[in-house]
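K.L.:
Based on what follows, work out the 3D shape:
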Amino acid sequence: MNRLQQELQRLYGARGDFRLGPRAALLGLAKPAEWRALGAVWRGVQADLGLPAPAIAVSGQDGFQLWFALAEDDLAPQAAELMRALCRVYLPALKPAEQAARLCLWPRSSQGAGEVPALPPQLAAAGQWSAFVAPDLAPVFSEEPWLDTEPGPDAQADVLARLACISRAQLSAALLQLNGVASAAPLLPKSEPRAEAQCLPPVESVFEQDPRAFLLRVMNDAQQPMALRIEAAKALLPGAGPGK
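P.N.:
Residues are numbered from 1 along each chain as shown. Below you'll find the model as predicted:
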C-alpha cells in the first residue's frame, strides 16, 4: 500500500483499490466549474462551523469537489444532512433546477439512486484526470478542471496529509448551527452583520465556540427546543466526543 492509499484509507476508509470508503462525504459543483462559489463553502465550514478543512479536488471533467472525511463509519445519515445544509446555507443562489444539474452530493438520501462517485485520482476522460489540489491552486483550474497527466501518488498524499477527520461531536454541532441559523436568517460571511436567531444563541458567539462548548450550551439552555437539547446531549455521551 503506497502513501496515497494510506491517506485515502485514513481519511475516508477507502479500500486499497481506491474504492469509495464509508467515511467519505462529497459536495461537488459543476457545469460550469465555479471555484468562487464552492470556495465560499470551503472557507465557511472552517471559519463559521469550526470543522476540519475538506479536501479540494478537480473532477476531471467539468467541476470542483469538496471531499469531507468522517471519523466514524456510521455517520452517513448525518453527513448527507450536512451536505444538504451546506448547499442551503452557502449556495442559496442555486435554483432547484440548477441544483439537480450542477450538484453532486454523497452520501445521498436514497443510496440506490445514481452512480457511486469515485475518489480522485481517476482518469475521467481522455487526457483528463481528477485530482486533489492545494487550496491556493484551485482557482487556476476554473477554465479546465482537470490535470493533463496522471498526478503523482506522493504529491496527492502530501495534499491529503494535512487534513483531519470530522468527529461525531463536531458534525452534530455543525448541524445544530446550520439548521438553527437557516431557520432564522441567511448565514452571511463573518465580515457582514448577522441577525440573531430567536431560539439559538447569537450567531457570532456560536461560531466562536468550540463544538463541545456549543453542545453544552444548547443542552443546558431551557429556551432551546427540547429536540435540539436531546440531540446535543446525545452528541456529548461518552464515546461521542472528539477524543474517541
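K.L.:
Find the least confident helix or strand in the protein, judged by mean pLDDT.
P.N.:
Using mean pLDDT, DSSP states H and E, helix 203-208 stands out as the lowest-scoring helix or strand of the chain, at a mean of 41.
K.L.:
so where's this protein uncertain?
P.N.:
Counting by pLDDT under 70, the chain shows low-confidence ranges at 110-114, 181-211, 221-231, 234, 236, 238-244.
K.L.:
ok, which stretches of it are helices?
P.N.:
Taking DSSP state H as the criterion, the chain carries its helices at 3-12, 35-47, 76-90, 96-102, 153-161, 168-184, 203-208, 211-220, 226-235.
K.L.:
okay, those helices in CSV with mean neighbour count and distance to Ser142 next?
P.N.:
The C-beta positions use only the backbone N, C-alpha and C, and glycine is treated the same way. As requested, the helices of the chain are exported to CSV (neighbours: other Cβ atoms under 10 Å; distance: least, Cβ to Cβ, whole Å):
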stretch, mean neighbour count, distance to Ser142
helix 3-12, 20, 25
helix 35-47, 17, 5
helix 76-90, 20, 18
helix 96-102, 12, 15
helix 153-161, 16, 18
helix 168-184, 21, 27
helix 203-208, 17, 29
helix 211-220, 19, 33
helix 226-235, 16, 37
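K.L.:
contacting residues for the most centrally placed residue in the chain?
P.N.:
Geometric centre of the chain, nearest residue: Phe68, 4.4 Å, by Cα atoms, centre = their mean. For Phe68, the contacting residues are Ala24, Ala25, Leu26, Leu27, Leu51, Pro54, Ala79, Leu82, Met83, Ile166, by Cβ atoms under 8 Å, 6 or more residues apart in numbering.
K.L.:
show me the residues around Phe64 that make contact.
P.N.:
28-30, 33-35, 38, 56-58, 138, 141, 145.
K.L.:
Likewise for Pro32?
P.N.:
Contacts for Pro32 (Cβ under 8 Å, 6+ apart) come out as Asp62, Gly63.
K.L.:
now it: how far from Glu144?
P.N.:
Between Pro32 and Glu144 the computed distance is 11 Å (Cβ to Cβ, to the nearest Å).
K.L.:
Leu119 too?
P.N.:
21 Å.
K.L.:
In terms of packing, which of the two has more residues around it?
P.N.:
Legend: neighbour count by other Cβ atoms under 10 Å for Leu119 and Glu144, higher for Leu119 (22 against 12).
K.L.:
what phi and what psi does the backbone show at the more buried one?
P.N.:
phi -70, psi 140 (degrees, to the nearest 10).
K.L.:
Spatially nearest residue to Asn179 (excluding sequence neighbours)?
P.N.:
Ala85 (6.4 Å; Cβ to Cβ, 6 or more residues apart in numbering).
K.L.:
Next, the buried residues of stretch 17-30.
P.N.:
Phe18, Leu20, Gly21, Arg23, Ala24, Ala25, Leu26, Leu27, Gly28, Leu29, Ala30 (16 or more other Cβ atoms under 10 Å).
K.L.:
ok, these vs Leu176, which is closest?
P.N.:
Among the buried residues of stretch 17-30, Ala25 lies closest to Leu176 (Cβ to Cβ), at 17.5 Å.
K.L.:
pretty sure the closest one is in contact with Pro117, am I right?
P.N.:
No - with contact defined as Cβ atoms under 8 Å, Ala25 does not reach Pro117; the gap is 10.3 Å.
K.L.:
Overlap of the contact sets of the two?
P.N.:
Counting by Cβ under 8 Å, 6+ apart, the residues touching both Ala25 and Pro117 are Trp106.
K.L.:
Thanks again, I'm all set now.
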